[in-house]
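In: Dropping the sequence and predicted coords here.
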Amino acid sequence: MYLQRKKLATITLSALLVSACGGGGSSETSQTSSNSGSSPASAKQAVAGRLVAPENTATTSSRILLQEQRRLSGIQALIQTCQDVPSGYVPLSGVTVEFKDNTGKTVDTLTSGSCGEFSGNVAGSSAQANLTTHQPLVLDFTALSKAGSSKSAPVVASALPLNASYLISSVQYLGQGQIAYSVVDSVSRKAVIGLNAQHLAVSDNSNVSYTPTIQGSSASVAAPTAIALVLDASGSMSTSHLAANGVIRSSFELASLATHNFLDEVEQRAAGDQVSMVVFDHKVTEINQPWLDKQFPMLNNNGNPVKAGLPASGLTSNVTALHLVADLYVPTSQLYGKISYPYSPFAPNPKTPATSAGGSYPWNGSTAFFDATAKGLEQLSNVSGRKMVISMTDGFENSSSKYPTSNALIAYAKQQGIPVQTIGFGAASDVDEKSMKEIASQTGGEYQRVENEQITGLYQNILTGIRFQYTAKLDKVPVSGVTLKLVVKSNGSVSPEKTLSIN
């Protein structure tokens with residue numbers, strides 16, 4: 001986490017959460033014991049954990065913009081002081097962790113260090129965190145002791161902000177009774193890390209109940225995810241925004257910066273993810289190497305041809321190559337030749353090769369949002385495992401022909417079994433919230449709307465849901481045609497119901 005924030009609080013633990021961002025960080029763990037009185041003695045066991053809290057979207061966005069400004073000014077990037085704290089979260093230091101025996105008496109305590117870490121040998125069998133700055137935490141003590149005994153990475157537990165509730169932000173059926181799903185909080189919209197193993201209730205529309213066995217999010221999910229990024233390049237994306245730092249940037253520039261940061265985070269995750277990009281106005285463009293060669297014959301400074309190395313399918317694990325596409329997406333990119341308006345200082349990205357693009361900017365028309373989203377689904381159709389389409393627009397659908405209605409798109413997404421995350425970029429009156437909400441909710445995704453530079457933080461929020469995703473293995477395989485109903489229950493909070501149609 002950047003520019004570490006200390007939070008002083010007292011934690012009472014009653015079962016500990018889950019994640020592996022690695023050990024390390026300077027350890028300031030301290031321990032006290034109180035095995036006296038009539039409470040039954042219990043054997044000491046090793047534990048290891050880390051306490052973190054999510055940044056809000058505004059803070060994440062400001063950090064991303066600040067990093068970009070420092071890069072443009074030639075200033076060294078901010079140093080991440082706690083390397084093992086997930087990006088988008090801050091450590092909770094100085095927190096007293098109380099361990100209790102089976103009578104409820106506190107028998108040991110540990111205090112978290114500067115990077116939220118704590119470890120030691122403790123008595124007790126449960127733990128609960130009562131924070132003044134966040135809601136009380138119920139943590140997974142079994143996971144905590146397992147990490148301690150195996151000397152593996154500490155179990156990461158993320159605190160729930162005050163006045164926040166749980167939300168299931170995405171859900172996908174993987175087959176054979178397995179479900180992949182993400183849980184976020186309603187305030188920061190970042191993933192909730194380390195819910196205990198009893199947090200999920202599953203039933204269906206035939207009143208059949210299921211018993212799920214939960215895996216994750218004790219670590220950044222190792223299973224790769226295929227992600228399609230669908231970006232609006234219609235003329236209205238030239239709209240200017242006054243950022244919080246006083247700098248004016250277009251929607252194109254902010255969406256490009258959000259994409260660059262998203263790609264950076266995917267690269268750092270190093271889980272073998274694959275990413276594709278679809279860019280649209282009234283035309284839908286599947287970005288691949290044949291299209292780039294035809295539209296933008298590129299040369300390096302020596303006049304030699306440059307290739308991004310994208311496959312014909314557009315879906316690539318060479319995520320670094322897509323930084324070039326994120327730069328070409330901006331009509332004022334410095335990659336283009338002579339243009340009649342000022343170049344954007346946001347482009348090119350440092351990971352984009354030194355090159356110049358032949359040809360002119362190919363977009364700036366109207367909006368084929370439905371067809372473009374369907375193209376993103378199509379790009380993922382031949383991939384197995386975890387998938388997600390993230391589709392953004394700043395306006396209303398007005399140009400799709402193959403999928404002219406939201407219902408047609410929803411039917412196709414359900415057939416593919418792929419959740420669609422929709423993003424409205426602009427004022428509520430400027431975007432088709434009704435259609436985007438329907439698309440997201442009926443495909444297992446979530447709709448969100450932003451109006452300014454917070455789009456950068458929003459994309460990172462979505463990625464935390466991919467990184468810290470849970471998997472539930474049901475005790476029986478649901479039959480085709482039923483609708484599953486999922487609810488998260490933990491720490492006294494109950495999420496709204498999330499539905500999932502089984503094909």
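Out: Now that the structure is in, tell me what you want to look at.
In: give me the low-pLDDT residue ranges for this structure?
Out: The model of the chain has pLDDT under 70 over residues 1-42, 216-222, 244-245, 338-342, 346-347.
In: Break it down into its structural domains.
Out: Per automatic domain parsing, the domain ranges recorded for the chain read 9-56+80-158, 166-212+474-501, 229-467.
In: Between these, which one is closest to residue 62.
Out: Closest of those to residue 62 is domain 229-467, at 6.3 Å (criterion: Cβ to Cβ). For the C-beta atoms, the positions are set from N, CA and C on the backbone; glycine is no exception.
In: distance between the closest one and the chain's centre?
Out: Relative to the chain's own centre, domain 229-467 is displaced by 16 Å; criterion: Cα atoms, centre = their mean, to the nearest Å.
In: ok, back up a step: between the domains of the chain, which one is nearest to residue 68?
Out: domain 229-467 (6.1 Å).
In: mind checking the end-to-end distance for the closest one?
Out: 16 Å (Cα to Cα, to the nearest Å).
In: mind listing what residue 70 touches?
Out: Applying Cβ atoms under 8 Å, 6 or more residues apart in numbering to residue 70 gives the contacts 76, 77, 78.
In: ok so, going back, adding distance to residue 62 and mean neighbour count, write the domains of the chain out as JSON lines.
Out: Shown next, in JSON lines, are the domains of the chain (distance: least, Cβ to Cβ, whole Å; neighbours: other Cβ atoms under 10 Å):
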{"stretch": "domain 9-56+80-158", "distance to residue 62": "9", "mean neighbour count": "21"}
{"stretch": "domain 166-212+474-501", "distance to residue 62": "14", "mean neighbour count": "19"}
{"stretch": "domain 229-467", "distance to residue 62": "6", "mean neighbour count": "20"}
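In: Including distance to residue 68, could those go into CSV?
Out: As requested, those are exported to CSV (distance: least, Cβ to Cβ, whole Å):
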stretch, distance to residue 68
domain 9-56+80-158, 15
domain 166-212+474-501, 20
domain 229-467, 6
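In: Out of those domains, which is closest to residue 223?
Out: Nearest of the domains of the chain (Cβ to Cβ): domain 229-467, 5.9 Å.
In: Could you point out which of the domains of the chain sits nearest residue 72?
Out: Across the domains of the chain, closest to residue 72 is domain 229-467 (Cβ to Cβ), at 5.4 Å.
In: Tell me which helix or strand comes right after the longest helix seen in the chain.
Out: For the chain, the helix reaching the highest residue count under DSSP state H is reported as helix 251-269. Next along the chain after helix 251-269, taking DSSP states H and E as the criterion, comes strand 274-280.
In: Direction included, what does the helix or strand that that next one is followed by pair up with?
Out: Sequence-wise, the next helix or strand downstream of strand 274-280 (DSSP H and E) is strand 284-286. As defined by DSSP bridges, the strand partners of strand 284-286 come to strand 274-280 (antiparallel).
In: residues making contact with stretch 303-321?
Out: 224, 226, 228, 263, 266-267, 272-278, 286-290, 292-293, 297-300, 322, 324-325, 351, 353, 355, 379-380, 382-383.
In: what about that stretch, how long is it end to end?
Out: End to end - Cα to Cα - stretch 303-321 spans 20 Å.
In: Next, the distance between the ends of stretch 122-140.
Out: Per Cα to Cα, stretch 122-140 runs 15 Å from first to last residue.
In: quick one on the thing from earlier: which one of the domains of the chain lies nearest to residue 69?
Out: Across the domains of the chain, closest to residue 69 is domain 229-467 (Cβ to Cβ), at 7.1 Å.
In: which one of the domains of the chain lies closest to residue 66?
Out: Short answer: domain 229-467, nearest of the domains of the chain by Cβ to Cβ, at 7.7 Å.
In: how about the helices of the chain, start to end?
Out: 57-72, 141-150, 251-269, 289-295, 322-328, 369-379, 406-416, 433-443, 455-467.
In: Could I get the full set of strands for the stretch 1-150 of the chain?
Out: 9-12, 30-33, 45-54, 89-91, 95-100, 106-111, 117-122, 126-129, 137-138 (DSSP state E, counting those that start in this stretch).
In: picking that back up, Serialize the helices of the chain to TSV and add fields for distance to residue 486.
Out: Putting these into TSV (distance: least, Cβ to Cβ, whole Å) gives the following:
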stretch	distance to residue 486
helix 57-72	24
helix 141-150	22
helix 251-269	25
helix 289-295	39
helix 322-328	32
helix 369-379	22
helix 406-416	16
helix 433-443	13
helix 455-467	14
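In: Please identify which of these is closest to residue 399.
Out: Closest among the helices of the chain, once you apply Cβ to Cβ, is helix 369-379, at 7.6 Å.
In: Report all helices and strands that the closest one contacts.
Out: When contacts are defined as 3 or more Cβ pairs under 8 Å, 6 or more residues apart in numbering; DSSP states H and E, helix 369-379 packs onto strand 225-232, strand 274-280, strand 284-286, strand 386-393, helix 406-416, strand 420-425.
In: wait, which of these is closest to residue 101?
Out: Here strand 386-393 is closest among those (Cβ to Cβ), at 40.2 Å.
In: Give me the helices and strands touching the closest one, please.
Out: strand 166-175, strand 225-232, helix 369-379, strand 420-425, helix 455-467.
In: And stretch 417-432, end to end?
Out: 23 Å.
In: got it, and stretch 334-345?
Out: Chord length of stretch 334-345, first to last residue, is 8 Å (Cα to Cα).
In: what's the answer for stretch 64-80, then?
Out: 13 Å.
In: Just the buried residues of that stretch, please?
Out: Buried residues in stretch 64-80, counting neighbours by 16 or more other Cβ atoms under 10 Å, are found at 64, 65, 66, 67, 68.
In: any idea which of these is closest to residue 156?
Out: Using Cβ to Cβ, these come closest to residue 156 at residue 64, 21.9 Å.
In: so who does the spatially closest residue to that closest one that is not a sequence neighbour touch?
Out: Counting by Cβ to Cβ, 6 or more residues apart in numbering, residue 64 lies nearest to residue 456, which is 4.4 Å off, once chain neighbours are set aside. Neighbouring residues of residue 456 by Cβ under 8 Å, 6+ apart: 60, 61, 64, 65, 254, 257, 258, 261.
In: hmm, 7 Å instead?
Out: 61, 64, 65, 254, 257, 258, 261 (Cβ atoms under 7 Å, 6 or more residues apart in numbering).
In: With residue 359 instead?
Out: So, once contact is read as Cβ under 7 Å, 6+ apart, residue 359 ends up touching 295, 296.
In: what about it, distance to residue 297?
Out: For residue 359, the distance to residue 297 equals 7 Å [Cβ to Cβ, to the nearest Å].
In: And for residue 377?
Out: 30 Å.
In: And residue 171, by the same measure?
Out: The value you get for residue 171 to residue 297, if Cβ to Cβ is used, is 43 Å.
In: again with residue 55
Out: Residue 55 is 42 Å from residue 297, by Cβ to Cβ.
In: picking up where we left off before, make a markdown table out of the contacts of residue 70 and add distance to residue 427.
Out: Output for the contacts of residue 70, formatted as a markdown table (distance: Cβ to Cβ, whole Å):
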| residue | distance to residue 427 |
| --- | --- |
| 76 | 37 |
| 77 | 33 |
| 78 | 32 |
